[in-house]
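Q: after the sequence you'll find the predicted model.
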Amino acid sequence: MRRLLAFTALLALAAPVRASSLNLRWTDCLGDGGAQNRAFACDTNTGSQSVVGSFVPLVNATGVVSTEFLVDFGFDGSSVPAWWTFKNPGTCRLNALIVRPTAPSTAIACTDWASGAALGMLATFSAGFGFPNLARVTGSTTVSSDLAADVFAGQEYFSFQLTILNQKTVGAGACGGCNVGACITLRRIWLRTLGGLHDQYLITGAAPGDQIGDARVLWQLLGPSSSCDVASPARNRTWGEVKALYR
């Protein structure tokens, strides 16, 4: 009996982590053990931090040519800190957010659907989206039609890395707010296929068995995923207003 229990424990350790239809983690995919919490001392302008987005198709899909993603940032305060403003002219850290289309070198359980051939694009950054302490990022990873790929239900696939550079964190010209707590949530991924014949629209928490915490990471908040409550908008909204934020 003791030997059987030991063997069962080894099987449990070897089994891959179950991923939801949408997943977000620091450094690695969820299935490869990516971390949910990240604490940064905000004491250097070199290096970077990366969040990794992945997905598990609900059904098989043929001819995938693009994954389009939407990520929301909620901050523990009344506004979006300058350290977290990117892309748009006049923002404090204009070029400090990059979409990387290749999977982490450590990826094992998480398959790169594009086999390293995708191009990454940061499409939009919106500060104060819907609420003054929210920001939204959209982007995509794309291959040409001749490199369209098939994906299969139940397998976790890499979609993107959002790399946040540490530049302008300290010293002259530094942007404030690096130390402000944040909750970062992958809201949706749209799998685009050739001719739109097999598109899939994946939404956080929508599929049976999904865990919303799988699609959520924390910044400078070292408690459980429920700590995201402190980075949620305080003002009540109608259901219609809330739905409109995620269309």
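A: Now that the structure is in, tell me what you want to look at. Residues are numbered from 1 along each chain as shown.
Q: longest strand of this structure, counting residues only.
A: Counting by DSSP state E, the longest strand found in the chain is strand 61-75.
Q: ok, it: who's next to it in the sheet?
A: Applying DSSP bridges, strand 61-75 is found paired with strand 134-142 (antiparallel), strand 149-151 (antiparallel), strand 182-193 (antiparallel).
Q: figure out the length between the terminal residues of stretch 196-212.
A: From its first residue to its last, stretch 196-212 covers 27 Å (CA to CA, to the nearest Å).
Q: average pLDDT for it?
A: Average pLDDT, stretch 196-212: 93.
Q: tell me the strands in the chain, going along the chain?
A: Going by DSSP E, the chain shows strands at 22-26, 37-38, 48-55, 61-75, 97-100, 111-112, 119-127, 134-142, 149-151, 157-165, 182-193, 200-203, 216-219.
Q: give me the contacts around stretch 165-182.
A: Here stretch 165-182 makes contact (CB atoms under 8 Å, 6 or more residues apart in numbering) with 40, 42-49, 73-77, 81-85, 92-93, 95-98, 218-221, 227, 230-231. C-beta: built from backbone N, CA, C; applies to glycine.
Q: what angle separates the longest strand of the chain from strand 22-26?
A: Strand 61-75 runs at 50 degrees relative to strand 22-26, counting by axes from the mean of the first three to the mean of the last three CA atoms, to 10 degrees.
Q: quick one, strand 61-75 and strand 119-127 angle?
A: Inter-element angle recorded for strand 61-75 and strand 119-127: 30 degrees (by the same axes, to 10 degrees).
Q: what are the buried residues along strand 61-75?
A: Counting neighbours by 16 or more other CB atoms under 10 Å, one finds that the buried residues in strand 61-75 are 61, 63-75.
Q: and it, what's its mean pLDDT?
A: Strand 61-75 comes out at a mean pLDDT of 97.
Q: can you show me the CA trace of it as CSV?
A: Extracted as CSV, the C-alpha positions of strand 61-75 are listed here (Å, rounded to 0.1, in the frame of the first residue of the first chain):
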residue,chain,number,x,y,z
ALA,A,61,-9.6,24.6,-35.3
THR,A,62,-7.9,24.5,-38.7
GLY,A,63,-6.1,27.2,-40.5
VAL,A,64,-5.3,29.6,-37.6
VAL,A,65,-3.5,32.7,-38.8
SER,A,66,-3.8,35.1,-35.8
THR,A,67,-4.5,35.4,-32.1
GLU,A,68,-5.9,38.8,-31.1
PHE,A,69,-5.8,39.5,-27.4
LEU,A,70,-7.2,42.0,-24.9
VAL,A,71,-5.6,42.6,-21.5
ASP,A,72,-7.0,44.8,-18.7
PHE,A,73,-4.9,46.5,-16.0
GLY,A,74,-6.6,47.6,-12.8
PHE,A,75,-4.6,49.8,-10.3
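Q: okay, the angle between that strand and strand 157-165?
A: 30 degrees.
Q: how near is the residue nearest to Gln155 when sequence neighbours are not counted to Gly181?
A: Leaving out its chain neighbours, the residue that sits closest to Gln155 by CB to CB, 6 or more residues apart in numbering is Thr111, at 6.1 Å. Separation of Thr111 from Gly181 (CB to CB, to the nearest Å) stands at 33 Å.
Q: over to Lys168?
A: 20 Å.
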